[in-house]
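Colleague: Have a look at this prediction, sequence included:
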Amino acid sequence: GNINKPLTSENFRLLYEKVTQYLSGKEVYVHDAYVCAHPDYRMNVRTIAEYPWSAFFVKNMFLRLEEEELANFSEEWLVVCAPGYVEEDPQKYGLRQGNFSILDFTRKVALVGGSAYTGEMKKGIFSALNLILPVEKDVLPMHCSANVGEEGDTAIFFGLSGT
């Protein structure tokens, strides 16, 4: 359709450089975490966010590392979130408008610009997992959570951010 559009690798690189230049010299918030609770599918994610509430969101949404895991952390994917950056010439870079959420599977970067909706970070990583897990790990991902009752019965909750 006309919503999701491919972007050239060069245009991604140029936008990434513009966003990182925009963030340069600002106080940013870095959060290291992982997604996928099962160790066979676990993926480390580093988030660099312009605003503290963005970092707090991923702290709540992604899985937390143990203290000893932080010392040798190495991200598999990087999320860069710059809500204050809006591209002034979007057509030059193949964008429809000044705000954007872009996944680069080669660089393993989710780049968010011009959107204060924190869910873009989660949606970016979960979208990446929807390709990575079935193709590379032969597993179907589910966006859900589960509660176990006192008698061992389990309730699974499928849904969006509330899970």
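Modeller: Noted; the coordinates are in hand.
Colleague: Okay, and the beta partners of Arg46?
Modeller: Using DSSP bridges, the beta-bridge partners of Arg46 come out as Asp32, Leu78.
Colleague: Output the least confident helix or strand in the chain by mean pLDDT in PDB with nothing but the alpha carbons.
Modeller: Scoring the helices and strands of the chain by mean pLDDT, DSSP states H and E places strand 144-148 at the bottom, with a mean of 84. The C-alpha coordinates for strand 144-148 follow below in PDB (Å, rounded to 0.1, in the frame of the first residue of the first chain):
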ATOM      1  CA  CYS A 144       1.000 -12.000  24.800                       C
ATOM      2  CA  SER A 145       1.400 -12.600  28.500                       C
ATOM      3  CA  ALA A 146       0.300 -15.300  30.900                       C
ATOM      4  CA  ASN A 147      -0.800 -15.600  34.500                       C
ATOM      5  CA  VAL A 148      -0.700 -18.800  36.500                       C
END
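Colleague: now for that strand, which elements pack on it?
Modeller: Secondary-structure packing of strand 144-148 (3 or more Cβ pairs under 8 Å, 6 or more residues apart in numbering; DSSP states H and E): strand 154-158. From N, CA and C alone the C-beta is placed, and that goes for glycine too.
Colleague: The strand it packs on pairs with which strands, parallel or anti?
Modeller: Pairing partners of strand 154-158, with direction, according to DSSP bridges: strand 144-148 (antiparallel).
Colleague: Just the buried positions in stretch 65-80, please.
Modeller: Neighbour-count burial for stretch 65-80 flags 75, 77-80 (criterion: 16 or more other Cβ atoms under 10 Å).
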